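[1] Prediction below, plus the sequence it came from.
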Amino acid sequence: MAHLVGLFERGGSYYLRVVLPQHHHLRSHYRSGKVVLSLGKCSYRDAIRIGTHKRAEVLWGGKCPSLAPTGQVEPQPSQHQIPAFTGVKPPLPLRKVYELWIKSSPKSADAIAACARALKLFEEHSGNPPLSQLTRAHGDQFRAKLRELPTTSKTARDRFNWIKSLLKYASEDLELIPKSPWVGLEIKSRTTAHRQPWSTEHLSVLLGHEIWQKGSLPKDSKAGGLAAYWVPLLGIYTGARCSELCQLMVHDIETKATIPTIRITDEGEGQNVKSEAGHRTIPIHSELIRLGFLDYVKSVEGTKLWPNLPQREGKPGGYFSQWFGTLRKSLGIPESIVFHSFRHTARSTLSSAGVPETVIDRLMGHESQGSVGARVYTHIDAGTLKVAIQSIRGTSLNTLPILPHGGEVTQRDRIGCGQRTQKSDGAGAVLPS
């Protein structure tokens, strides 16, 4: 016997409960987000037939002729009020579910684009059957096709999971199908490239670049001007994520306190942290102060710490990460060593220095292990954090010269704390004064 989501019986009559998607035009009439329709006293089979038609009217057919405007259960209809039903459920493609999913809650541009790419592949390789006709076999066939494509297993898994998410949304949120037919189907991925920490040799190659040796800033806009100089150094001496550093505001840097600090937070516009533990305060390493980071912060006009750095919605460090990857590749640094590897290096260095795990977790923004009391009530003062952060030593990194800014003549910002002025050729190269 067929089943209709939302159908129930009360007092000898059948009723249908329809959950409205967010942004549905009827939401303003039904504060609960649900519409309850009376199907009258009829057989279960007729209730299925009538309810299927009425559900289609509510969700996709505009205004339902028999819908009570107050949102209450409508009076019991007589037989001649029951709309004629063709016996065929209106076909609903998965793309319609995708469109409703986009409107259901705020989504990042990257998430929408990734889901759209997965949906396009599904439509191309499955024949795009209506939602009501989707079976487990379709999922198995699509999974097999994704495995054949020239992509990593992780990419195949992610694409498959996007379609599973749409089916879950159609079932649990929209109640368009009783259950997702793909529950339990999955693609197991394997790590294709293990990230390695930065070695002293590779750090020397990176920081031997003219950005840090001569103050020559890259022309690529994705580098963000002075961000190209400071963000990698901050990654080395804080272990913070690229996105956390790229989204920093000027007020996130405390320059006047006895112990200058960097505050990682999601309080500002466009700021995000990966987890609750990601909210943290990191003392500024003495090497960053020696190179003039606090002077740079004081010189910035406006609210953003990197005013020339473009940011992707939902991924503040997206563009910078692309530029850094290109730089790393040009220097012959292995693909297994990326910006995120600074976190591995920092944690390894802190651990080797004997810094307690709870302190390391606090600095890195990781959830501490142990009892709830240890995680919640253990207080770590700024002095302890400062001693810990100072254990990060870049060996030969302290040979970096203190450089004045080599950018536009009209810009007063300086890379370091040098006081002499320099002229620029307008393309980022330093000219002798």
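    Alright, I've got the coordinates.

[2] and the nearest residue to L37 once chain neighbours are set aside, how many neighbours?
    Closest residue to L37 apart from its sequence neighbours, by CB to CB, 6 or more residues apart in numbering: L16 at 4.7 Å. Placement of C-beta: from N, CA and C, glycine included. Counted with other CB atoms under 10 Å, the neighbours of L16 add up to 22.

[3] Please apply the same query to D381.
    Neighbour tally, D381, other CB under 10 Å: 8.

[4] List the contacts of it.
    By CB atoms under 8 Å, 6 or more residues apart in numbering, D381 lies in contact with nothing.

[5] related to what we said a few turns ago, how about the contacts made by the residue nearest to L37?
    L16 sits next to L4, G6, L7, F8, V36, L37, L39, A47, G51, K54, R55 when contact means CB under 8 Å, 6+ apart.

[6] Next step: those residues restricted to strands.
    Among the contacts of L16, the members falling in strands (DSSP state E) are L7, F8, V36, L37, L39.

[7] sorry, back to before: now tabulate the contacts of L16 in JSON lines and tack on distance to V231, pLDDT and neighbour count.
    Compiled in JSON lines, the contacts of L16 are given as follows (distance: CB to CB, whole Å; pLDDT from 0 to 100; neighbours: other CB atoms under 10 Å):
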{"residue": "L4", "distance to V231": "56", "pLDDT": "80", "neighbour count": "21"}
{"residue": "G6", "distance to V231": "52", "pLDDT": "84", "neighbour count": "16"}
{"residue": "L7", "distance to V231": "57", "pLDDT": "86", "neighbour count": "18"}
{"residue": "F8", "distance to V231": "58", "pLDDT": "87", "neighbour count": "12"}
{"residue": "V36", "distance to V231": "55", "pLDDT": "85", "neighbour count": "17"}
{"residue": "L37", "distance to V231": "57", "pLDDT": "85", "neighbour count": "23"}
{"residue": "L39", "distance to V231": "62", "pLDDT": "85", "neighbour count": "24"}
{"residue": "A47", "distance to V231": "63", "pLDDT": "85", "neighbour count": "21"}
{"residue": "G51", "distance to V231": "58", "pLDDT": "83", "neighbour count": "23"}
{"residue": "K54", "distance to V231": "57", "pLDDT": "84", "neighbour count": "25"}
{"residue": "R55", "distance to V231": "53", "pLDDT": "81", "neighbour count": "25"}
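
[8] list the contacts for the residue lying closest to R393 once chain neighbours are set aside?
    Leaving out its chain neighbours, the residue that sits closest to R393 by CB to CB, 6+ apart is T349, at 7.4 Å. Remark: with contacts taken as CB under 8 Å, 6+ apart, T349 is in contact with S391, I392, R393.

[9] what's the neighbour count on T200?
    Neighbour tally, T200, other CB under 10 Å: 12.

[10] confidence score at it?
    Predicted confidence (pLDDT) for T200: 89.

[11] related to what we said a few turns ago, can you pull up the bridge partners for the residue nearest to L37?
    Residues in a beta bridge with L16, per DSSP bridges, are L7, L37.

[12] how close does it get to T52?
    9 Å (CB to CB, to the nearest Å).

[13] which intervals of the stretch 151-300 of the chain have sub-threshold pLDDT?
    191-194 (pLDDT under 70).

[14] where exactly do the helices run in it?
    153-168, 200-207, 210-213, 227-238, 242-246, 286-290, 293-299 (DSSP state H, counting those that start in this stretch).

[15] Tell me which of these sits nearest to V355.
    Taking CB to CB, helix 227-238 is the member of the helices of the stretch 151-300 of the chain nearest to V355, at 13.9 Å.

[16] what does that closest one rub up against?
    Outside helix 227-238, the residues that touch it by CB under 8 Å, 6+ apart are 198, 203, 206, 211-212, 215, 217-218, 224, 240, 242, 245-246, 262, 282, 285, 287-288, 291, 293, 296, 306, 308-309, 320, 323-324, 339, 342-343, 345-346, 363, 389, 392, 394, 397, 415.

[17] now the angle between helix 200-207 and it, please.
    Here helix 227-238 points in a direction 150 degrees away from that of helix 200-207 (axes from the mean of the first three to the mean of the last three CA atoms, to 10 degrees).

[18] The spatially most central residue of the chain - nearest residue in space that isn't next to it in sequence?
    Taking CA atoms, centre = their mean as the criterion, G314 is the residue nearest the geometric centre of the chain, at 5.4 Å. Take G314 and drop its neighbours on the chain: the residue closest to it by CB to CB, 6+ apart is S108, 3.1 Å away.

[19] Does L26 touch V35 like I think?
    Yes - counting by CB atoms under 8 Å, L26 does reach V35; the two are 6.8 Å apart.

[20] between the two, who's got more neighbours?
    When L26 and V35 are compared for neighbours, V35 comes out ahead with 26 against 19, by other CB under 10 Å.

[21] Run a quick neighbour tally on the nearest residue to the more buried one once chain neighbours are set aside.
    Using CB to CB, 6+ apart and skipping the chain neighbours, the partner closest in space to V35 is V18 (4.6 Å). Neighbourhood size, V18 [other CB under 10 Å]: 25.

[22] likewise S180?
    21.

[23] So it versus R159, what's the distance?
    Applying CB to CB, the value for S180 to R159 is 16 Å.

[24] Report the contact partners of N161.
    E186, I187 are the contacts of N161 under CB under 8 Å, 6+ apart.

[25] Any regions of the stretch 301-433 of the chain where pLDDT drops low?
    Residues of the stretch 301-433 of the chain that meet the cut-off, pLDDT under 70, sit at 369-378, 394-398, 405-433.

[26] Show the residue spans covered by the helices in it.
    Using DSSP H, counting those that start in this stretch, helices in the stretch 301-433 of the chain cover 318-330, 341-352, 357-364, 372-377, 382-389.

[27] hey, what's in contact with both of L16 and T52?
    L4.

[28] which residues sit in contact with I264?
    Counting by CB under 8 Å, 6+ apart, I264 has contacts A240, E244, D252, V273, G278, H279, R280, T281, I282, G365.

[29] scratch that, G139
    Counting by CB under 8 Å, 6+ apart, G139 touches I163, K164, P181, W182, L185.

[30] most neighbours, which of those residues?
    Ranked by neighbour count under the definition other CB under 10 Å, the contacts of G139 are headed by I163 with 26 neighbours.

[31] Leaving out the residues flanking it, which one is nearest to that residue?
    Counting by CB to CB, 6+ apart, F122 is the residue found nearest to I163 once chain neighbours are left out, at 5.3 Å.

[32] and the gap between that neighbour and V35?
    30 Å.

[33] Kindly supply the ChimeraX command isolating those of the contacts of T349 that are buried.
    Command for ChimeraX that selects the buried part of the contacts of T349, burial taken from 16 or more other CB atoms under 10 Å:
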select :392
